[in-house]
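**Student:** need coordinates for the below:
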Amino acid sequence: MGTKNNTPLGMGGSAKKNRRASVDTVLDMFRNGQRDPRVAYMKIKESEGQDIGAIIEALDQLSEILCQATYFKKAYEILSEAIKDIKGNPVLHELVARLAFVMESFDKCINHNKKAIELKEGDGDPHNNHYNFSDLGLAYYRMALDPEKGQPRHFEIAFKYCKQALEEKNDDPKAMVNMGLIFKHQGSIGDALRMFKAARDADANCIEAIVNLGAIEFEEYSHYEEAAMLFLDALEINPSDEEALCNLALALKKTSYVDYARLAFEEAVNVSPGNSHILSNYLMFLLEQQNFQQFEKVLPHARRVLDQRELEFVTNLQRDFKEAIDGTEGKVLPDDETKPSRAVSAAAGGSNVKNKLSAALKNRLAGL
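**Tutor:** Model prediction:
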């Protein structure tokens, strides 16, 4: 069962605005094959009349759209052109830090967040530094998990920045979740629960806190139905949260609601068809259910998404499983074969499983 990471706030979680005309101009250039990052940036600068605020807003909108289309590198290159041209703007560095995190370039994320803090403090305006401290904590936490680059001290640094964020704003739910993730990784489950609950109390719509509470119910206490209810609560806030959907499926397959587990897996795949964690879990679920026909239908898509190692694993498992079925009735996969999903940007889904299952689970739990 997976924990759910925050995503960096970057510009402080500002509300979406109407798309700027300069963004549409650059997108048209991309569609016509003109994708030079320097040209794209200069077109925005020219279209916005060198208004720095308008340029940065357009860059924010453009990078979000490009990331949704998986043009992460292009988005980063365009922002890098802006950094060369616009000197000393902390918001621009926050934009680059946010994109670097999405690309899992945590060292760059850290450097640009630190630069943003330095610039704000140099201007005598450290307003909203707690966002940067929280993002730094998250970046160091993710770096600590890296099997090649991670070091024990990264957890200590992550904790320090999360604590610093809470010292500046004691009800920052993102910082609380990040601190809870560190506690959980270190085995301090009680402290992790306390931080996740505090984050949910500070913001009732904090999906990260709710999903992580569900993960603890699943992993630590084997409370599968209670975990499912928490994942359903998260889906009520955002029906498109693919990690909540995948974790819901993993919880439901431990209950009598196996058909709903299938529905949750299918919706998760529809929401994020490129998420290899969800797809591999779904394929293994189909093997558990001996649904080889559906497995074969999904396999062509899996060949486009999974890397060679993952693909060989599931196809070998299918072969071995089918061979074993002939002589072993009721065979199931070991629990440790299933891996939690990780969050990626989503589009739609979730409401069907939420509506169909919520009442049934609530009635059942009420009778326990």
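
**Student:** what about Q294, neighbour count?
**Tutor:** Around Q294 there are 15 other residues, counting by other CB atoms under 10 Å. C-beta here means a position set from N, CA and C on the backbone, and glycine is covered the same way.

**Student:** measure it to E220 for me?
**Tutor:** Q294 sits 32 Å away from E220, going by CB to CB, to the nearest Å.

**Student:** kindly report the same for E167.
**Tutor:** On the measure of CB to CB, E167 and E220 end up 29 Å apart.

**Student:** and the strand or helix carrying H277, what other elements does it pack with?
**Tutor:** Assigned by DSSP states H and E, H277 belongs to helix 276-288. On a contact count with 3 or more CB pairs under 8 Å, 6 or more residues apart in numbering; DSSP states H and E, helix 276-288 meets helix 242-252, helix 258-271, helix 292-305, helix 308-325.

**Student:** which strands or helices does the third one pack on?
**Tutor:** Spelled out, it's helix 292-305. helix 276-288, helix 308-325.

**Student:** deepest of the ones you listed, which one?
**Tutor:** Of all those, helix 276-288 carries the top mean neighbour count, a mean of 23, counting by mean count of other CB atoms under 10 Å.

**Student:** what's the least confident stretch among the helices and strands packed on helix 292-305?
**Tutor:** Mean pLDDT is lowest for helix 308-325 among those, at a mean of 86.

**Student:** okay, angle between that one and helix 276-288 too, please.
**Tutor:** 10 degrees (axes from the mean of the first three to the mean of the last three CA atoms, to 10 degrees).

**Student:** and helix 308-325 with helix 292-305, angle?
**Tutor:** Going by the same axes, to 10 degrees, helix 308-325 makes 170 degrees with helix 292-305.

**Student:** return the distance of helix 308-325 from the chain's centre.
**Tutor:** The chain centre lies 28 Å from the centre of helix 308-325; the measure is CA atoms, centre = their mean, to the nearest Å.

**Student:** ditto for stretch 54-64
**Tutor:** Distance, centroid of stretch 54-64 to centroid of chain: 21 Å (CA atoms, centre = their mean).

**Student:** same question, stretch 294-302
**Tutor:** With CA atoms, centre = their mean, you get 25 Å for stretch 294-302.

**Student:** swap in stretch 167-180?
**Tutor:** Averaging C-alpha positions (CA atoms, centre = their mean) puts stretch 167-180 18 Å from its chain's average.

**Student:** can you check stretch 201-217 too?
**Tutor:** 14 Å.

**Student:** give the rounded mean pLDDT of it.
**Tutor:** 97.

**Student:** contact partners of that stretch?
**Tutor:** When contacts are defined by CB atoms under 8 Å, 6 or more residues apart in numbering, stretch 201-217 is touched by residues 1-6, 171-174, 176-177, 180-181, 184, 189, 192-193, 196-197, 199-200, 223-224, 226-231, 233-234, 237-238, 241, 243-244, 247, 251, 340.
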